[in-house]
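*Asks:* have a look; sequence and predicted model below, questions after that.
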Amino acid sequence: MFFLYILKRFSRNFFLFLFSLSFLYLLLDLIGNFSKLPHSSNLLILYSVYVISYSFENFYPLALIFSFLYTIYHFIKFNTLVSFYSFGFSKNKILFVFLIFSLSVYFIFIVLDNTNYVYFNQKAQNILLNKKLKKENLFLKYKNSIVYIKELKPLLKKAYCVKIFTLEGMKVKKIINIKEAEYKNNKWMGNNVTVKMFDKNRLIVKKEKHLNVLTDFEPLVLSNLKKLESISIKDALLAMKIFKSIKLNKIISILMFKILTPMSLILFLIYLMYSAPVHQRISSISFFLIKSVFFSVFLWGANLLLYKFVKQGVINPFILTLPLFFVLVLDIYVIKKEN
């Protein structure tokens, strides 16, 4: 009963703050991009859905903090917190409910970050710029092959006019021409394939109706990494594995920001819980709320600022661990002080 009471109030406040922040962001985005908005009502609705959905990931850590503060404020104002303590519930037991819900939300978004959800912002920008999501004239190196793709449609997982040059040392041993290829089961399935093999002084030409090539060559990773604004965790890890010779600061920074920033704000709940007043007569609730909101926004903003610098290659990506380390030090301090 105790667990469900706190969980119900906290979750309700969380969704209230999350949707409020997301709709405010959508309103500001629509005002800022008013001249670029599509004239089609269907595209406008789709654009709004993409923007709101993408903003959920940006604002859910702040929504967790604000909903926690509002819930604690309600508990203090109506003496609920004192009642919990009088019934023998410790701060750890009360905090446990908040952390369980927060970590559940965190892991839900981690799962979503392994899906196409993470590319909603890119889809929204494509609607805004009236562009189709496709890539053209790509030259890429994969293992001992050079791959040329005339046109790539990542979301459809299709490539057109593909040429694969298989090398042996500095010599071309085989050329595979594919009219159309589709990515299925970790392989590219080519249709209407012509294979040219160079054997000493002979040229051997074979035609195949279907041919599987380029195992584990994922289409979304084929995009130009230098212009990347967002990437799923799965694709980021795969890019780091495949493109070992390329400087991947941007991908590492995106990965660390997605994982570390929400975690630092969730762990900040420990500090807020231990520094919260038990009763409104003991200390000023208003001062506690103002101080907590300021430091929470500052922590979120510091993570965002460091992320922007890291993406530009100005500083090392691992500097993003500093806010998390700072929060852990604060948590250890307040817990030791309480004990």
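*Replies:* It's in.

*Asks:* residue 314: what secondary structure?
*Replies:* Counting by DSSP: H, G, I helix; E, B strand; the rest coil, the backbone at residue 314 sits in coil.

*Asks:* typo on my end, residue 195
*Replies:* strand.

*Asks:* low pLDDT regions in the stretch 101-250 of the chain?
*Replies:* 130-136, 139, 141, 154-156, 169-170, 216-229, 238-248 (pLDDT under 70).

*Asks:* now the strands for it?
*Replies:* 135-142, 145-153, 158-168, 171-184, 187-199, 202-213 (DSSP state E, counting those that start in this stretch).

*Asks:* adding distance to residue 275 and mean neighbour count, write the ones you listed out as JSON lines.
*Replies:* Any C-beta I mention is one placed from the backbone N, CA and C, and that applies to glycine too. Formatted as JSON lines, the strands of the stretch 101-250 of the chain follow (distance: least, CB to CB, whole Å; neighbours: other CB atoms under 10 Å):
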{"stretch": "strand 135-142", "distance to residue 275": "50", "mean neighbour count": "13"}
{"stretch": "strand 145-153", "distance to residue 275": "52", "mean neighbour count": "17"}
{"stretch": "strand 158-168", "distance to residue 275": "55", "mean neighbour count": "17"}
{"stretch": "strand 171-184", "distance to residue 275": "51", "mean neighbour count": "16"}
{"stretch": "strand 187-199", "distance to residue 275": "55", "mean neighbour count": "17"}
{"stretch": "strand 202-213", "distance to residue 275": "59", "mean neighbour count": "12"}
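
*Asks:* for the ones you listed, give me CSV that also has distance to residue 77.
*Replies:* Shown next, in CSV, are these (distance: least, CB to CB, whole Å):
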stretch, distance to residue 77
strand 135-142, 56
strand 145-153, 56
strand 158-168, 58
strand 171-184, 56
strand 187-199, 61
strand 202-213, 65
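
*Asks:* and of these, who's closest to residue 264?
*Replies:* The closest of the strands of the stretch 101-250 of the chain to residue 264 is strand 135-142. By CB to CB, the value is 34.8 Å.

*Asks:* for stretch 150-164, list the C-alpha coordinates in PDB.
*Replies:* Backbone C-alpha positions of stretch 150-164 (Å, rounded to 0.1, in the frame of the first residue of the first chain) are rendered in PDB as follows:
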ATOM      1  CA  LYS A 150      25.000   5.100 -56.100                       C
ATOM      2  CA  GLU A 151      21.900   5.500 -53.900                       C
ATOM      3  CA  LEU A 152      21.200   4.300 -50.400                       C
ATOM      4  CA  LYS A 153      17.900   4.400 -48.600                       C
ATOM      5  CA  PRO A 154      18.700   3.500 -45.000                       C
ATOM      6  CA  LEU A 155      15.200   3.400 -43.600                       C
ATOM      7  CA  LEU A 156      14.100   1.100 -46.400                       C
ATOM      8  CA  LYS A 157      17.300  -0.900 -46.100                       C
ATOM      9  CA  LYS A 158      17.800  -0.800 -49.800                       C
ATOM     10  CA  ALA A 159      20.800   0.100 -52.000                       C
ATOM     11  CA  TYR A 160      20.800   0.700 -55.800                       C
ATOM     12  CA  CYS A 161      23.600   0.300 -58.300                       C
ATOM     13  CA  VAL A 162      26.100  -1.300 -56.000                       C
ATOM     14  CA  LYS A 163      29.700  -2.100 -57.100                       C
ATOM     15  CA  ILE A 164      32.000  -4.200 -54.900                       C
END
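
*Asks:* residue 318 is nearest to which of the strands of the stretch 101-250 of the chain?
*Replies:* Among the strands of the stretch 101-250 of the chain, strand 135-142 sits nearest to residue 318 (CB to CB), with 27.6 Å.

*Asks:* do you know which of the strands of the stretch 101-250 of the chain lies nearest residue 88?
*Replies:* Here strand 171-184 is closest among the strands of the stretch 101-250 of the chain (CB to CB), at 58.1 Å.

*Asks:* and the contacts of the closest one?
*Replies:* Contacting residues not belonging to strand 171-184 are listed as 157-167, 188-198, 211, 213, 217-219 [CB atoms under 8 Å, 6 or more residues apart in numbering].
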